[in-house]
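[1] Sequence and predicted model, in that order:
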Amino acid sequence: MSKPRTNQKRTAIIYFGVTKQDYLNLVQEKKHSALLEYIQPLLKAQLQADQHQKGCTDQSHYTIHSQRNRYLQGLLGQRETISICRVRCQDCRAVFTVLPSFILRYRRQDADCLGKLLEMNLGMGLTLRETASIYSWMGIEHGWQPSWVWTLVQWLGDLLPVSLLLMRMGLTPPAHLLSDEKFAVLNGEKVYLFLVSQQELIWYGKWMSHTHEDDFNQTIEAFCVEMDGGARSSGQLEADDEYVPISVTTDGWIASQNAWGTAVPEIALIECKLHGNKRVSLSLDDYVKAHPELSLEHLQQVKDDLNSILAAPSLAAFSQRIRRNLVRYRDEPILLKRLNILKDKRFRFTNALKFDDAPAYSAPLDRSMRFLDEKLQSFGQFRAAHAIDPMLNAWAIVNNLRAFLPDAQKAGHSLVQFFGAKVKGIPWMEVLNLCTAGNLQNLIPTPS
């Protein structure tokens, strides 16, 4: 097996402006004085001491070492030649490649092309074959095959964990989480996709073979470890600190709740009221079937009594309404069973009332998962276990970074912008490219 490439350790990603011409104006200048003046502070902010030769004492002065041509393909098939600069540290003589943000390492398509293809495939629910077909309909001479689109998705999924990407964009690790799992198919067998979000913003995704408590324990522990590492490397946490979320809202699956309590003992467990209402409705359906002789007025009263419990404005009111209904329906075993379950879960159904930002419902995560539903339905099934986590991570990146369509409530903005990231009008694929090199705000030049 060949050794992994190490070139990217000496590659800098620089944002030069809104258009390619902004970059070309600098790189085509003969003396390169303006180019060096522009990139010197950005190189100093981005390149670390361990990327230089051992013993280097000054990482702030560079000179142009050479130029080479790079061939790029755009979305419509146009090919162009772009000059790439290499710079040399004046102290240790280490040579670094400087890529403009519209060029990604080891890719032969520009950022605009890659971004649109990935949006089609992961944001619009198109199959690999449909994405490749749409591209070929544009009249491209060398159309891409479905296998190439699959490789592109896997490349994106392996590029950067979505949690690290969000923190490098300046977002703070969330205090209040949503957690859910949905099933998919792997070679004809049911598997589960575990997801963690902050409202609609996806922070983590991983597949599990089962929904046993041990599976949740391992997956949640992996989530916490990834959050710790990302928060430390992006400056969100000190070296000895750990990420500790305050609350998590789940759908009521006991194995998941137990695992969260094991991984984060201090966490406040919140059970989704929507799922609670659904289970109350199922109990009411069973009650109606057992008592066909009851009037509509009586049945409506029973429904109102049970629904009022989950609508209680406080733990005290929740408990009081349960006590009253336990007395009221003491001779109805179907209703008593549901009332006792609500009594046992009274803290989990009311914990959201303790916090301003803790969600009582899992609906925001469900909204984001609709795109994943479309993708899984069009994809059919997974055929290889190693492809699931990269696809989940790639989907999460596109879900978080792509702009909402014009008729949407958040039209023109992405989820990361809605949650506070400052992308300054930079296309999302270029933002992603910059974040592979470090924290976004350190890599965007301050206008002179």
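    That came through fine.

[2] most remote residue from this protein's center?
    Ranked by distance from the centre of the chain (C-alpha atoms, centre = their mean), the top residue is residue 293, with 51.6 Å.

[3] Checking my notes, it in a strand, right?
    No - the assignment for residue 293 (DSSP: H, G, I helix; E, B strand; the rest coil) gives coil, which keeps it out of a strand.

[4] Contacts for the helix or strand where residue 116 lies, please.
    Following DSSP states H and E, one finds residue 116 within helix 111-118. For helix 111-118, the surrounding residues in contact (C-beta atoms under 8 Å, 6 or more residues apart in numbering) are 73-75, 101-104, 107, 109, 131, 135, 149, 152-153, 156, 394, 398, 427-430, 433. Where C-beta positions appear, they are placed from N, C-alpha and C, glycine not excepted.

[5] Could you do stretch 432-439 as well?
    Contacts with stretch 432-439, where a contact means C-beta under 8 Å, 6+ apart, come from 11-13, 15, 45-46, 101-105, 111, 159-160, 164-165, 168-170, 234-235, 397, 401, 426, 440, 443-444.

[6] Just the C-alphas of it, formatted as CSV.
    C-alpha atoms of stretch 432-439 as CSV (Å, rounded to 0.1, in the frame of the first residue of the first chain):
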residue,chain,number,x,y,z
LEU,A,432,-15.5,24.6,3.4
ASN,A,433,-12.2,24.7,1.6
LEU,A,434,-10.9,27.5,3.9
CYS,A,435,-12.1,25.6,7.0
THR,A,436,-9.9,22.7,6.1
ALA,A,437,-7.0,25.0,6.7
GLY,A,438,-8.2,26.5,10.0
ASN,A,439,-10.7,28.8,11.7
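
[7] Surely residue 191 touches residue 387?
    No - judged on C-beta atoms under 8 Å, residue 191 makes no contact with residue 387 at a distance of 11.9 Å.

[8] okay, these two: which has more neighbours?
    Each of residue 191 and residue 387 has its neighbours counted (other C-beta atoms under 10 Å); residue 191 has more, 19 against 16.

[9] Look up which residues are beta-bridged to the more buried one.
    residue 184 (DSSP bridges).

[10] Enumerate every residue touching it.
    Counting by C-beta under 8 Å, 6+ apart, residue 191 touches 183-185, 207-209, 382, 388.

[11] what about 10 Å?
    Counting by C-beta atoms under 10 Å, 6 or more residues apart in numbering, residue 191 touches 181, 183-185, 207-211, 381-382, 385, 388.

[12] gap between it and residue 156?
    21 Å (C-beta to C-beta, to the nearest Å).

[13] In stretch 430-445, which residues are buried?
    For stretch 430-445, burial by neighbour count (16 or more other C-beta atoms under 10 Å) applies to 430-440, 443-444.

[14] re earlier: which two in the contacts of residue 191 are spaced the farthest apart?
    With C-beta to C-beta as the measure, no two of the contacts of residue 191 lie farther apart than 211 and 381, at 18.3 Å.

[15] between the two, who's got more neighbours?
    For residue 211 and residue 381, the more surrounded residue by other C-beta under 10 Å is residue 211, and the numbers stand at 16 against 12.

[16] isn't that one right next to residue 180, touching?
    No - using C-beta atoms under 10 Å as the test, residue 211 is too far from residue 180 to be in contact (11.3 Å).

[17] Mutual contacts of those two, please.
    The contact sets of residue 211 and residue 180 overlap at 194, 253, 256 (C-beta under 10 Å, 6+ apart).

[18] Quick check, pLDDT for the last one.
    Just to be clear, that refers to residue 256. Each residue has a pLDDT score; the one for residue 256 is 95.
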